[in-house]
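Undergrad: Kindly generate the corresponding structure for this input.
(one chain, ligands or ions: 1)
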Amino acid sequence: MTSVTLFLLIIFAAATIIIERLLQNRRRRASLMLAPLDERHRAIIAQRIPLYAKVPLYLRERLDGLINRFLDEIKFVGRDGFNVTEEARLVIAAQACLLIMNRPHRWFPTLKSVILYPAAFQSKAKKFDGYVQRDGTPVHTGESWMRGPVVLAWDHAAFGALVDDDGHNVVIHEFAHQLDEATGVSDGAPLLDKDQNAARWGRVFQDAYERLQKDTELNRPSVFNTYGASAPAEFFAVAVETFFEKPQEMRTDEPHIYEELSLYFGFDPAAW
Ligand SMILES: [Zn+2]
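TA: Numbering: from 1, shown residues only. Here you go, the predicted model:
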């Protein structure tokens with residue numbers, strides 16, 4: 001056997017192993033997506049996330065499959081002594097998957113892990129969502145890293161899941177950033193589908209963003225949290241929180257944004 005033949009044989013064997021692994025992963029993923037949710041898992045999710053029960057049945061099957069896949073593929077890491085329980089994994093996975101249950105590719109393409117702190121935390125991230133403590137220290141309740149993890153304060157994540165009609169949900173907020181950041185730029189303009197008009201999306205979002213800035217400046221009420229007035233990327237994340245938590249109010253007050261988000265996510269939560 002010549003050295004060239006040996007080289008080609010090694011390449012062929014390596015390629016065969018890689019292809020077999022890819023096929024195995026694909027088969028595993030397909031079976032997880034079709035499998036029903038474990039009944040114990042379903043009970044925990046229903047108890048901790050009231051929104052789950054409102055999801056129509058035809059979407060719930062997809063949501064359950066995605067939760068199975070999320071639990072299988074996304075690594076959870078606890079920080080500051082936080083013990084990542086099964087309950088914590090389920091509460092994060094189920095809320096994150098609400099955002100992609102009817103999207104064309106149904107996944108967060110660059111996400112590999114979720115990092116959980118027990119409560120609001122300090123970190124070196126320049127871009128974060130959080131608040132300033134009484135002593136002047138800024139603390140984070142959530143971060144979404146471009147091509148990196150989502151970082152969350154568990155107490156805020158759990159409370160946000162339980163109270164589903166106040167427009168605040170740090171998990172939905174950070175995973176909305178993940179969708180936006182998948183384009184490589186965090187600007188409130190995620191990758192749209194073929195049937196969506198990017199120019200219209202840009203116009204509708206820019207108008208509503210400027211309106212919120214004006215409302216905030218003049219202290220006028222808005223369906224959106226004023227935090228959305230800080231940057232276009234924050235406005236998108238806040239609009240997504242509002243879409244899930246105050247859909248009827250949003251449809252009445254901001255019908256154009258509501259329509260764009262309905263098209264983007266592929267469902268109409270105001271009708272649930
Ligand atoms: Zn944010």
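
Undergrad: in stretch 119-128, what counts as buried?
TA: Residues 120, 121, 128 are the ones in stretch 119-128 that count as buried (16 or more other CB atoms under 10 Å). C-beta coordinates here come from the backbone N, C-alpha and C atoms, glycine included.

Undergrad: would you list these in JSON lines and tack on pLDDT and secondary structure?
TA: Formatted as JSON lines, the buried residues of stretch 119-128 follow (pLDDT from 0 to 100; DSSP: H, G, I helix; E, B strand; the rest coil):
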{"residue": "120", "pLDDT": "93", "secondary structure": "coil"}
{"residue": "121", "pLDDT": "92", "secondary structure": "strand"}
{"residue": "128", "pLDDT": "79", "secondary structure": "coil"}
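
Undergrad: Closest to the centroid, which residue in this structure?
TA: Nearest residue to the geometric centre of the chain (CA atoms, centre = their mean): residue 175, 2.3 Å.

Undergrad: Which pLDDT does the model give residue 22?
TA: With respect to pLDDT, residue 22 scores 84.

Undergrad: quick one on the thing from earlier: in a markdown table: the buried residues of stretch 119-128, plus distance to the ion.
TA: Listed next are the buried residues of stretch 119-128 as a markdown table, based on distance: CB to the ion, whole Å:
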| residue | distance to the ion |
| --- | --- |
| 120 | 14 |
| 121 | 15 |
| 128 | 8 |
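
Undergrad: What is the nearest of those residues to residue 213?
TA: Taking CB to CB as the measure, residue 128 is the one of the buried residues of stretch 119-128 closest to residue 213, at 20.8 Å.

Undergrad: the strands in this structure, which residues?
TA: Ranges of strands in the chain, per DSSP state E, are 75-78, 113-117, 129-132, 138-144, 150-153.

Undergrad: Let me know which of these is tucked in deepest.
TA: strand 150-153 (a mean of 26; mean count of other CB atoms under 10 Å).

Undergrad: could you say what helices and strands it packs with?
TA: Contacts defined by 3 or more CB pairs under 8 Å, 6 or more residues apart in numbering; DSSP states H and E place strand 150-153 against strand 113-117, strand 138-144, helix 170-181.

Undergrad: Of those, which shows the lowest average pLDDT?
TA: strand 138-144 (a mean of 91).

Undergrad: What is that strand packed up against?
TA: Going by 3+ CB pairs under 8 Å, 6+ apart, strand 138-144 lies up against strand 129-132, strand 150-153, helix 154-162, helix 170-181.

Undergrad: Enumerate the residues of the stretch 51-200 of the chain near the ion.
TA: residue 129 (CB under 5 Å from the ion).

Undergrad: 6 Å instead?
TA: 129, 173, 177 (CB under 6 Å from the ion).

Undergrad: Quick one: residues contacting the first one.
TA: I take that to be residue 129. 140, 141, 142, 143, 170, 173, 174, 227, 234, 237 (CB atoms under 8 Å, 6 or more residues apart in numbering).

Undergrad: I'm done for today, thanks for sticking with me.
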